[in-house]
Structures are given as structure tokens and as C-alpha cells.
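>>> Have a look; sequence and predicted model below, questions after that.
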Amino acid sequence: MSILEMKVPSPGESITEVEIASWLVKDGDYVEKDQPIAEVDSDKATLELPAEQSGVITLKAEEGEVVQVGQVVCLIDMDAAKPSGSSEAPKTENAEAPKAEEKVVEKAAIVQEAKKEEKPAATSYAAGTPSPAAKKILEEKGVDAAQVSGSGKGGRITKNDAETASVPAMGAAASTGGSRGSSTTKLSVLRRKLAARLVSVKNETAMLTTFNEVDMSEIFRLRKQYKEEFAQKHGVGLGFMSFFTKAVTRALQLYPDVNASIDGDYKINYDFCDISIAVSGPKGLMVPVLRNAETMTFRGVEANIKSLAEKVRDGKITVDEMTGGTFTVTNGGTFGSMMSTPIINPPQSAILGMHNILQRPMAIDGQVVIRPMMYVALSYDHRIIDGKESVGFLVAVKEAIDNPVEFLMGGDERKALEL
């Protein structure tokens, strides 16, 4: 018998463990080579685990279980015959066929008879019995195993059952007649890692935020005038992100300390601008990276952002595509945020927050006029970025957004848009 041990591959550098988010097959199923059999969560992305060979699969890890890279999570019996009804039927001698059919009929009859006398699953010897790992968790939480419903085989209490079991309240509140239900859900590896990183940023950096506002009038004009021609020629829309990405890369070149990171007693400056773009996906906020964004045209920025955003939303983004940014841009305005203090994405030293656009009265040349205005925020690590650089950087972004034709397009908007 040829048994293949499938081990967890390394999703990327520095990742040592993943979580089995969900099994896409059942124990005992026949799987084809390269068929997706599981989704695994790392601290950076959700990835599919494909079958390495065809055969009958035996699962060795539970959903929600954290496993080490290189750990065996399932076995594949490569000698097992493919189920009948598929393109390749199991090899059986013709002379034995009638006997095989008789055995199937006989087995079915036995199963039907057994079902008549079958006892409820709760009477199984395993029902209500916690696994060693589950028992330890229940004892730590002070939860009685009798109060936990087991989802494992035969009603056995699994590790996941124990982790999601509710801790008994110290005292019951008086009933109000309304619903007082609650549910407990284990955080994914991605969310737990994100939480730890955000706390470390607050504790380990001298983070400050400076604010400014930008006038979106010129960008509105350019998009209205050229959006159809731009989309028809390049196959992508002309959005706000290309203007802000171009404005950021220009400002980073003017203020290189904002495009730096700190490593112990050393500061690392980069002569390239790898811009992380925050994108909301099914598993949470992801930050795919535009490599060498300073060399990209408006068309290049829009095409790359569209491609990366689609990968995030389809769950196909790779770890490499989210690693190595030098500066982050996030747009809370898509959710209606008027103002916020974005948190730095380590090991980066700064992040630009965009917000919603509101028509506001502004004093222009002594006259009150209505303009589409947006607040922008720059959070930065004061350990290596001084106030002068942070304010100067944000002013450079503002002047580029207020006057994109002069500062981002070299005075020729059609040429800059490749029209």
C-alpha cells in the first residue's frame, strides 16, 4: 500500500505555523491530484492546499487547529480505486461481479436492520468525553464538560469545542424579557497576528499624526473629462488612487526620511517606493504592494491596483505580493470616514490616510465657494521622522492633489494619461 503523507508547505519566509481554516473534502473522499482540499490561514493571507496525488484521503487535523509548517495534516492512499461512476472504474474480475453485487445487497440489508436498533449518538462511549487538549482547556476555563456539546466523532468534545465554550457567568442578571444570547468565535490566525502587530506598534513606536486638507476639484475635472476615453483605451477606470499614489511617490522623493524604516540603532533609507495599498477583502484588510510605484504611469498604477484588488477579493493574493512595502496608503473614505489616525504598518515608518469627500464652503480669493474637500492624515514614527519632514511631506501631497496638472502631469494632461 502506497500512502502519501501531505505536509504543510511554507507559505513564505518567517511563517512557522498556519491554521486549518476549512477542509474542502471529507475524511474518506477520493481526491484528484491538484484538487484543492483545504484552505489554510497564515498571518498574511489565506491559501489553498492542493492534493499532491490522487487517492482516498484521511484527515489528520481538525478545522481551526493550528499546525506547524512541515506537519502532516492528511494521508492519501494512492492505491485506492476510484469510486464507480467516474471515468475510471475499479478493476474487478467479471467472474466476481455477481458475488460482489450479492455482498452489496447483503450489506445494505444489514445496515437497514442496524438502523432500526441504532441508539442515539449521545449514548456513544465517546459522547461528552473531551480529548486531552480539550480537557486541559476546559479545566483552565472552569467549564464543566457536561455543559459542552461535542462535535467530534461519536459526540467527542474537540479542542475547538472547548475553545468556543462559554465561560459561566459570575452572577445571572435579572431577565428583561429580551434576547440575551451570545456567541463565541475563535479569531483567525490573520486577525490574531494583526491584533498583536497593532498593539506592538502602539507600544514600540513614537507614533504621531498630522492633518491637512486637499481640494479635489481638479481631479474631479480630469476624471469627468477623460474617464470614458481613458477606460476605452486602457481597459481600466481612472480613479483617485492613481493621483494619490503619484502624489505620494513624488513627496517621498522630496522627503526621503518618510520612506525609511528603523532597525535597532540604524535607519534604512530606500531609493525605491514600494507602495502598500490597503484593500478590504473577505478575510479582513490586506495590503498588496505596488513595486517601484515611482516608475509607474497613471495607467500602470490603475491596472496594478485593479489586478491586486481582484486577487484579494478572490482569495488568490500571495504572501510575496503583500511583503516589502516602504509606505502605505489607506482609504477610509470608502466606508464614510471623515477623519482618522491610521496606524503604521511595520516595519514602515509612515502611512497616509484618505477620507471621504464633502462639499464644503471655502474662502478662495476673498470669495466663499463650494469645493469638494478631503481631510488627509499622515501617521509617522517620530523616532526617525521629525515634524518638519512630516508636515512638509503632507504639504507636498496637498499641492500635487490641488494642482495635479502642474505637479503630476508635467503640464500635459493628455500625454500623462497616454491618450
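Ah, there it is.

>>> Please enumerate the helices of the chain.
Assigned by DSSP state H, the chain shows helices spanning 97-116, 132-141, 159-164, 189-204, 217-234, 240-254, 298-313, 387-402, 404-407, 413-416.

>>> Need the winner for burial among those.
helix 240-254 (a mean of 22; mean count of other Cβ atoms under 10 Å). The way it works is simple: take the backbone N, C-alpha and C, and place the C-beta from them, glycine included.

>>> would you list the helices of the chain in CSV and tack on distance to L4 and mean pLDDT?
Below are the helices of the chain laid out as CSV (distance: least, Cβ to Cβ, whole Å; pLDDT from 0 to 100):
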stretch, distance to L4, mean pLDDT
helix 97-116, 28, 48
helix 132-141, 26, 78
helix 159-164, 26, 80
helix 189-204, 26, 76
helix 217-234, 47, 94
helix 240-254, 45, 95
helix 298-313, 30, 91
helix 387-402, 54, 95
helix 404-407, 57, 94
helix 413-416, 55, 92
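
>>> Can you read off the pLDDT for L378?
Here, the pLDDT recorded for L378 equals 96.

>>> what's across from it in the sheet?
T210, L352 (DSSP bridges).

>>> Which residues are in contact with I343?
By Cβ atoms under 8 Å, 6 or more residues apart in numbering, the contact set of I343 is 198, 201-202, 207, 351, 379.

>>> what's near enough to touch G336?
N356.

>>> Which pLDDT value belongs to it?
So G336 comes in at 85 (pLDDT).

>>> what does T129 give?
Taking T129 on its own, its pLDDT is 79.

>>> contacting residues for it?
Going by Cβ under 8 Å, 6+ apart, the list of residues near T129 reads 145, 150, 156-157.

>>> ok, which pair from those residues is furthest apart?
A145 and R156 (10.7 Å; Cβ to Cβ).

>>> returning to what we had before: of the contacts of T129 - the most surrounded one?
I157 (25 neighbours; other Cβ atoms under 10 Å).

>>> quick revisit: can the contacts of I343 go into JSON lines with extra columns for distance to A162?
As requested, the contacts of I343 are exported to JSON lines (distance: Cβ to Cβ, whole Å):
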{"residue": "L198", "distance to A162": "27"}
{"residue": "V201", "distance to A162": "32"}
{"residue": "K202", "distance to A162": "31"}
{"residue": "M207", "distance to A162": "38"}
{"residue": "I351", "distance to A162": "38"}
{"residue": "S379", "distance to A162": "39"}
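
>>> Could you point out which of those residues is nearest to P50?
L198 (32.4 Å).

>>> Would you check that G387 makes contact with T210?
Yes: between G387 and T210 there is a contact under Cβ atoms under 8 Å: 7.5 Å.

>>> picking up where we left off before, looking at the helices of the chain, which is nearest to S182?
Taking these one by one with Cβ to Cβ, helix 159-164 is closest: 11.4 Å.

>>> Remind me what that closest one packs against, helices and strands.
Secondary-structure packing of helix 159-164 (3 or more Cβ pairs under 8 Å, 6 or more residues apart in numbering; DSSP states H and E): helix 132-141.

>>> counting contacts, what elements does the helix it packs on pack onto?
helix 159-164.

>>> What are the contacting residues of the helix it packs on?
With contacts defined as Cβ under 8 Å, 6+ apart, helix 159-164 is touched by 62-65, 130-131, 133-135, 137-138, 141, 143, 148-152, 184-186.

>>> For the stretch 251-400 of the chain, give me the ranges with low pLDDT.
By pLDDT under 70, the low-scoring segments of the stretch 251-400 of the chain are 283-284.

>>> for the stretch 1-150 of the chain, which spans come out with low pLDDT?
1, 12-14, 43-45, 85-126.

>>> need the contact list for the residue lying closest to A145 once chain neighbours are set aside.
Spatial nearest neighbour of A145, excluding adjacent residues (Cβ to Cβ, 6 or more residues apart in numbering): P130 at 5.2 Å. Going by Cβ under 8 Å, 6+ apart, P130 touches 138, 145, 148, 150, 156-157, 161-162.
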